[in-house]
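Undergrad: my questions concern the predicted model and sequence given below.
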Amino acid sequence: MTKHNKYYYDKGRNGWTPSNTWQDEVVEDKDNKLSGGKINPKMLLTKEELKIDYSKDKIPNYYIGKVYGYEARKVIEDFDLSYNVGTATTYLLRAKRKHDTSVECIQKAINHLEFELDRIKNEAKIEFFDLKNINEEADI
């Protein structure tokens, strides 16, 4: 191991001296000004208060159907859904059960469906571009 002088860790590369440390950069958000003052009240509750028992099952109860006991992840796996469609499905399945209102979950589902549409459109553009290049090369 290389032995360094006592000033080795005080200076950066080429003699640069840092003006502050990473501890100085940590900002506390005591007044919730950085987060906009919006904290989900369920984030302040414990697992017991939320009635989530991870010792029996590692899956929260809002991802399991009440009547037949289907799990959202197993439904998605069974239908072989893409990431975005699967995520949108889980948001829709839990919409009424996780939060007080289902607006947030439905908006997240819409966002993921829009991501999937963008992905499909981009794939179509790539396929069209590849077919166009193949046709141009064949004309040569």
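TA: Great, that's in hand. Numbering: from 1, shown residues only.

Undergrad: drop to CA atoms for contacts and neighbour counts, all remaining ones
TA: Fine.

Undergrad: which strands and helices lie in contact with the longest helix along the chain?
TA: Taking DSSP state H as the assignment, the helix of the chain that covers the most residues is helix 103-139. Using 3 or more Cα pairs under 8 Å, 6 or more residues apart in numbering; DSSP states H and E as the contact criterion, the secondary-structure elements in contact with helix 103-139 are helix 83-98.

Undergrad: can you get me the start-to-end distance on stretch 76-87?
TA: In terms of Cα to Cα, to the nearest Å, the two terminal residues of stretch 76-87 are separated by 9 Å.

Undergrad: circling back to that earlier point, buried sites along the longest helix of the chain?
TA: By 16 or more other Cα atoms under 10 Å, the buried positions in helix 103-139 come out as 105-106, 108-110, 112-113, 116.

Undergrad: the inter-axis angle of it versus helix 83-98?
TA: Note on geometry: by axes from the mean of the first three to the mean of the last three Cα atoms, to 10 degrees, helix 103-139 and helix 83-98 are set 170 degrees apart in direction.

Undergrad: mind checking which helix or strand of the protein has the lowest mean pLDDT?
TA: The helix or strand of the chain with the poorest confidence is helix 22-25; it has a mean of 52 (mean pLDDT, DSSP states H and E).

Undergrad: for Tyr63, give its distance to Arg94.
TA: Applying Cα to Cα, one obtains 6 Å for the distance of Tyr63 from Arg94.
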